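**Student:** Next one to model:
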Amino acid sequence: MVNASIARSRRRSRERGAAVFIVVLVITMLTAIGLFAAHAATLSTIASGHERRMTQTHYLTEYAMQLAIAEIEQKGGLEMIPRSTSCSVMADECWPLLPHTFDAAEPLLELPTAGPPETPGSLGRAPVQWIAKVEITDKIRPAIGNRAGSDMGGPNPVSVDYCTVTMSARLIAWPGGSAIATAGSQESMSVVADILCSK
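**Tutor:** Predicted structure coming up:
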């Protein structure tokens with residue numbers, strides 16, 4: 001009986017490190033799982049931030065193209081915009097609309113308010129700065145097809161002339177207070193559109 005209890009205690013003394021090893025192993029695995037989950041959550045937040053910024057840039061590019069069309073119509077048509085030979089697109093004729101032409105439309109974007117209650121602006125909670133350039137090339141006159149609302153003949157003809165063009169826009173947007181090189185996102189977009197040539 002005494003020999004059996006001595007043998008048991010000797011066996012247990014050899015197994016003392018096994019329980020500690022299992023506990024340390026479980027704690028290490030739980031720590032690794034926690035760190036992985038935290039890292040995955042951080043990456044998800046960063047990815048959603050980039051997605052939001054690219055969505056903002058995309059909509060700002062569309063906005064810049066709409067502003068270019070509005071400016072052309074306000075000035076009386078594409079014929080009233082000076083031509084240039086220094087466009088980034090290789091073309092015989094080119095009409096560039098530079099960033100300064102969009103300054104008047106900046107108030108159309110709602111800016112975020114600091115609160116309370118804090119309300120996001122048109123482009124989210126942070127102020128966004130942007131630079132855009134729209135170039136118009138490949139003018140086809142008269143416009144291809146019938147434009148909705150244009151004159152199809154009749155007793156009161158409308159003296160409005162539309163042409164089909166290619167509009168290319170490039171835009172860079174960045175959060176207010178940041179450098180373009182470190183936080184900017186950019187978008188390029190081209191569309192074929194019917195715009196006013198002359199009134």
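**Student:** I'd assumed C163 was in contact with I136.
**Tutor:** No - the criterion here is Cβ atoms under 8 Å, and I136 misses it with C163 at 9.7 Å. From N, CA and C alone the C-beta is placed, and that goes for glycine too.
**Student:** Now do the shared contacts for those two.
**Tutor:** Shared contacts of I136 and C163, defined by Cβ atoms under 8 Å, 6 or more residues apart in numbering, comprise L78, I195.
**Student:** of those two, who's got more company?
**Tutor:** A count of neighbours by other Cβ atoms under 10 Å puts I136 above the other of I136 and C163, at 28 against 21.
**Student:** Can I take it that the more buried one is in a strand?
**Tutor:** Yes - under DSSP: H, G, I helix; E, B strand; the rest coil, I136 falls within a strand.
**Student:** For it, which residues are in contact?
**Tutor:** A68, L78, I81, C94, W95, P96, L97, V165, T166, M167, S168, I195.
**Student:** mean confidence score for stretch 66-74?
**Tutor:** What stretch 66-74 shows for mean pLDDT is 85.
**Student:** That stretch: which residues count as buried?
**Tutor:** L67, A68, I69, E71, I72 (16 or more other Cβ atoms under 10 Å).
**Student:** In which helix or strand does the spatially most central residue of the chain reside?
**Tutor:** By Cα atoms, centre = their mean, the chain has its centre lying nearest to M54, at 2.3 Å. For M54, the element it lies in under DSSP states H and E is helix 16-75.
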